[in-house]
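Peer 1: here is the input, now give the coordinates:
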Amino acid sequence: MSNVSGGLATGWLIISGLSFLCSLLLNAALLYVVVAKIVPLIGDLAKKLNDLTDKVNKVTDKVDGITTTAKNTVDTVSAKTANMLTTAEVASVEVAKKINAASTVLTTVLIAVKAYSALKELKTTSVPKAENAATSK
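Peer 2: Residues are numbered from 1 along each chain as shown. Alright, predicted model coming up:
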């Protein structure tokens, strides 16, 4: 083997050149694979990601609709419950008034019955004994 200027053997220069050429070819092949295979996969992945985003947005819209419907239902039930409670409160006030009136009437009747009983008992016990003796003969 002969020496080239600088003291390197010609064989080493040839092997180094071939290695460089192989490395260059392998890098070009790798670049081709990346461009030819991976870039379309990235494009396909971007399309699928956009489709998925659209689907998520549609689901979000549906959930918003369901939430709105549920809120309206809760508001309606709340209003009806409040109305029922107001109606029950009014009814209970009316019942209390009627019970109060009935209580007053019953108290008056009870007092009248007691007064009548007391007067009747007073009348039977207050008749003089002399009159009782004259009427019994």
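Peer 1: residue ranges of the strands in the protein, please?
Peer 2: All strands of the chain, identified by DSSP state E, fall at 3-4, 8-9.
Peer 1: weakest of the ones you listed by average pLDDT?
Peer 2: Per-stretch mean pLDDT for those is lowest at strand 3-4 (a mean of 60).
Peer 1: so where is the chain shaky, pLDDT-wise?
Peer 2: Applying pLDDT under 70 to the chain picks out residues 1-7, 126-137.
Peer 1: which stretches of it form helices?
Peer 2: 10-33, 39-125, 129-136 (DSSP state H).
Peer 1: dump these into JSON lines; add mean neighbour count as well.
Peer 2: In this view, the C-beta of every residue, glycine as well, is placed from N, C-alpha and C. Shown next, in JSON lines, are those (neighbours: other CB atoms under 10 Å):
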{"stretch": "helix 10-33", "mean neighbour count": "10"}
{"stretch": "helix 39-125", "mean neighbour count": "10"}
{"stretch": "helix 129-136", "mean neighbour count": "8"}
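Peer 1: next one: Lys114 relative to Val77, how far apart?
Peer 2: To Val77, Lys114 is 54 Å away according to CB to CB, to the nearest Å.
Peer 1: cool, and Gly11?
Peer 2: 94 Å.
Peer 1: swap in Val56?
Peer 2: Using CB to CB, one obtains 31 Å as the distance from Val56 to Val77.
Peer 1: got it, and Gly17?
Peer 2: Applying CB to CB, the value for Gly17 to Val77 is 86 Å.
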